[in-house]
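Asks: need a structure here:
(one chain, ligands or ions: 1)
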Amino acid sequence: MKFFVDTADVKEIRELNDLGLLDGVTTNPSLILKAGRDIKEVTKEICDIVDGPVSAEVTATEYAEIMREAAVLAKIADNICIKLPLTLDGLKACKALTSDGHQTNVTLCFSATQALLAAKAGATFISPFIGRLDDMGFDGMEVIAEIRQVYDNYGFETEILAASIRSVDHVKRAALIGADVATIPPATLKALVKHPLTDKGLEQFLADWAKTGQKIG
Ligand code: E4P
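Replies: Prediction:
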């Protein structure tokens, strides 16, 4: 499973990239607002840090304007992945952009049938939003499983990018189902390493080692 970080915070991205944990980054208009930075400037900085795809989202809703914005975003760097809304105009743009050799991420997906449309439009990634479905009383993970089955039934190469992840358990369950990528908020990504028995075991080993009076090397 590939790990993308779901943030536009350059400091967090640099730290996780230095740990060797990052395969890419996803941003959206809300994350750009949170970062308080100019979209082109911050996206360029992120693209310079991370080798993998960096999703930058268009904000237009009509085909011609989506294509105009996509051209601006694509010029930022070679590893830009154009993020498009799951609408008819967004899907039309997805088809045109992928045919033109761009990476695309179709976002705001909440059903397997929407994901089927994105795959038919040639999307590089489909982003089903787990947490937002859970918030509404639905089971977001069930949608991930349905998309996995649909894509496997027909051999679609579109990668399932599990998004709107809120917990370590979301990451585990998405990995068990076989989502290709998880885009994870920085705090949740760091929390994946945590286990109380790891902390307790390390404490014991260090205490016993100190009692030996030895040093390695
Ligand atoms: C990423 O591509 C999505 O925009 C993001 O995961 C949405 O997460 P949220 O539902 O926590 O805003």
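
Asks: for the spatially most central residue of the chain, what are its contacts?
Replies: Taking C-alpha atoms, centre = their mean as the criterion, residue 183 is the residue nearest the geometric centre of the chain, at 2.8 Å. Residue 183 makes contact with 4, 5, 6, 24, 26, 127, 161, 162, 163, 165 under the criterion C-beta atoms under 8 Å, 6 or more residues apart in numbering. Placement of C-beta: from N, CA and C, glycine included.

Asks: try 10 Å this time
Replies: When contacts are counted by C-beta atoms under 10 Å, 6 or more residues apart in numbering, residue 183 is found next to 2-7, 23-28, 55, 105, 125, 127, 161-165, 189.

Asks: and residue 94, by the same measure?
Replies: 66, 70, 82, 84-86, 102, 104-106, 117-124, 126, 158.

Asks: let me know the helix or strand that it is in.
Replies: In the assignment (DSSP states H and E), residue 94 maps to helix 88-99.

Asks: helix or strand next in line after that helix, which one?
Replies: Helix 88-99 is succeeded, C-terminally, by strand 103-109 (DSSP H and E).

Asks: name the helices or strands packed onto that next one?
Replies: Counting contacts by 3 or more C-beta pairs under 10 Å, 6 or more residues apart in numbering; DSSP states H and E, strand 103-109 is packed against strand 24-26, strand 54-57, strand 80-85, helix 88-99, helix 112-120, strand 125-128, strand 159-162.

Asks: burial count for residue 133?
Replies: 20 (other C-beta atoms under 10 Å).

Asks: check which helices and strands whichever helix or strand it is part of sits against.
Replies: Using DSSP H and E, residue 133 sits within helix 130-135. When contacts are defined as 3+ C-beta pairs under 10 Å, 6+ apart, helix 130-135 packs onto helix 140-154, helix 168-177.

Asks: now do 6 Å
Replies: helix 140-154 (3 or more C-beta pairs under 6 Å, 6 or more residues apart in numbering; DSSP states H and E).

Asks: could you pull out the buried residues of the helix it packs on?
Replies: Within helix 140-154, the residues scored as buried using 16 or more other C-beta atoms under 10 Å are 140, 141, 143, 144, 145, 146, 147, 148, 150, 151.
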